[in-house]
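**Student:** Dropping the sequence and predicted coords here.
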Amino acid sequence: MALGERVGHVLRGAAIGVAEAVPGVSGGTIALVTGVYERVIASAGHLVNSVRYAVSDLPRGRGWTRTGHQVRQVHWDVVIPLLIGMLPGLLIAAKVLEPLLADYPEQTRAAFFGLVLASVLVPISMVGRPWRGAEVSALVAAAVAAFVLTGLPQATIEPHPLIVLVAAAVAVCALVLPGVSGSFLLLTIGLYQPTIDALNERDFGYLAIFAAGLVIGLASFVKLLQWLLERHRRITLAVLAGVIVGSLRALWPWQSEDRSLHAPGDNVPSVIALVLLGVAVVAIMILAERRRLRRAARDLTEETYETPHVR
């Protein structure tokens, strides 16, 4: 892999990390837009398999054969740069975006509303044509469910270790599911602020429990999602598109603390401008990814049909 492509994956990881710190924005959506989503899901599935085989085979003296095969199937050239980018992206967003959301809520939500709105085109285009009735119904049902979920009032609970563990397991499902924001789920159950505080204050006890929950959730959910994408690709993508559409409710610029929506009020010109900016950013990302894919396909074709020079 060329250096430029590695740097690109680091930047994609940083964008995913930033998205995961913003309630209402899904890191899975960014992964889908930037073209790494399915490779990440496949890699996570292979890692889960490698752990399972290691636990089951080694005590029986079967060695590392199946485990090693699964580890080699991971797209390490994609996963490692993404992880390198995600951590600083998450830490920077935790510091920078929190005051922006507090001081400029309409404008901040507007920028991400435009970003998520444009992102819907990605899974819709991946479904292909023509759309069947089942796929349209799945999109509508998923959109309604996501709309209702993002309208739930915020709760306040004590960050008990068991609650943190379970919440992290649920939140990581949102990390790999486009349209569903892990941060928003944490906000809904009242653990967003404690988690942000733990990040900023380097509370390693809290973060260790949270990380354990992430591992548990990832192991239990990612295989199901991988199976759905392999066996029921079109309907799964239609559901993902619906979830993204419904999740836009969480990013409507004009809403109160209890998440009730209001008609456009103050700051309308700046809000519209920022929505359009968000749309433009995603459009550029989509065009850049398609250009990269075309270039990769052209290079592969040239390598396939290239014949050695015969003297």
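**Tutor:** Great, that's in hand. Numbers count the residues shown, from 1 in each chain.

**Student:** Following the chain onward from the helix or strand bottoming out on mean pLDDT in the chain, which element is next?
**Tutor:** When the helices and strands of the chain are compared on mean pLDDT, DSSP states H and E, helix 182-189 comes out lowest with a mean of 69. Going down the chain from helix 182-189, the next helix or strand is helix 192-201, by DSSP states H and E.

**Student:** which parts of that following helix are buried?
**Tutor:** The neighbour-count criterion (16 or more other CB atoms under 10 Å) identifies Tyr192, Pro194, Thr195, Ile196, Ala198, Leu199 as the buried residues of helix 192-201. (C-beta placed from N, C-alpha, C; glycine too.)

**Student:** need the next SSE after that helix, C-terminal direction.
**Tutor:** Remark: after helix 192-201, the chain's next helix or strand is helix 204-231, criterion DSSP H and E.

**Student:** Can you name every helix or strand that that next one contacts?
**Tutor:** helix 37-57, helix 161-175, helix 192-201, helix 233-247 (3 or more CB pairs under 8 Å, 6 or more residues apart in numbering; DSSP states H and E).

**Student:** Packed most tightly, which of those helices would that be?
**Tutor:** A comparison of those by mean neighbour count, using mean count of other CB atoms under 10 Å, puts helix 233-247 on top with a mean of 24.

**Student:** Could you export the helices and strands packed on helix 204-231 as CSV, including distance to Val281?
**Tutor:** Shown next, in CSV, are those (distance: least, CB to CB, whole Å):
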stretch, distance to Val281
helix 37-57, 18
helix 161-175, 21
helix 192-201, 24
helix 233-247, 16
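
**Student:** export the ones you listed to TSV and tack on mean pLDDT?
**Tutor:** Formatted as TSV, these follow (pLDDT from 0 to 100):
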stretch	mean pLDDT
helix 37-57	78
helix 161-175	77
helix 192-201	78
helix 233-247	85
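
**Student:** quick one: the strands in the stretch 1-150 of the chain?
**Tutor:** In the stretch 1-150 of the chain, no strands are found when defined by DSSP state E, counting those that start in this stretch.

**Student:** how about the helices in it?
**Tutor:** Using DSSP state H, counting those that start in this stretch, the helices of the stretch 1-150 of the chain run over residues 3-20, 27-33, 37-57, 65-73, 76-103, 105-119, 121-127, 133-149.

**Student:** Remind me what the fourth one packs against, helices and strands.
**Tutor:** Other helices and strands packing on helix 65-73, by 3+ CB pairs under 8 Å, 6+ apart, are helix 37-57.

**Student:** same check, this time on the longest one
**Tutor:** When contacts are defined as 3+ CB pairs under 8 Å, 6+ apart, helix 76-103 sits against helix 3-20, helix 37-57, helix 105-119, helix 192-201.

**Student:** and the angle for that helix with helix 192-201?
**Tutor:** Here helix 76-103 runs at an angle of 110 degrees relative to helix 192-201 (axes from the mean of the first three to the mean of the last three CA atoms, to 10 degrees).
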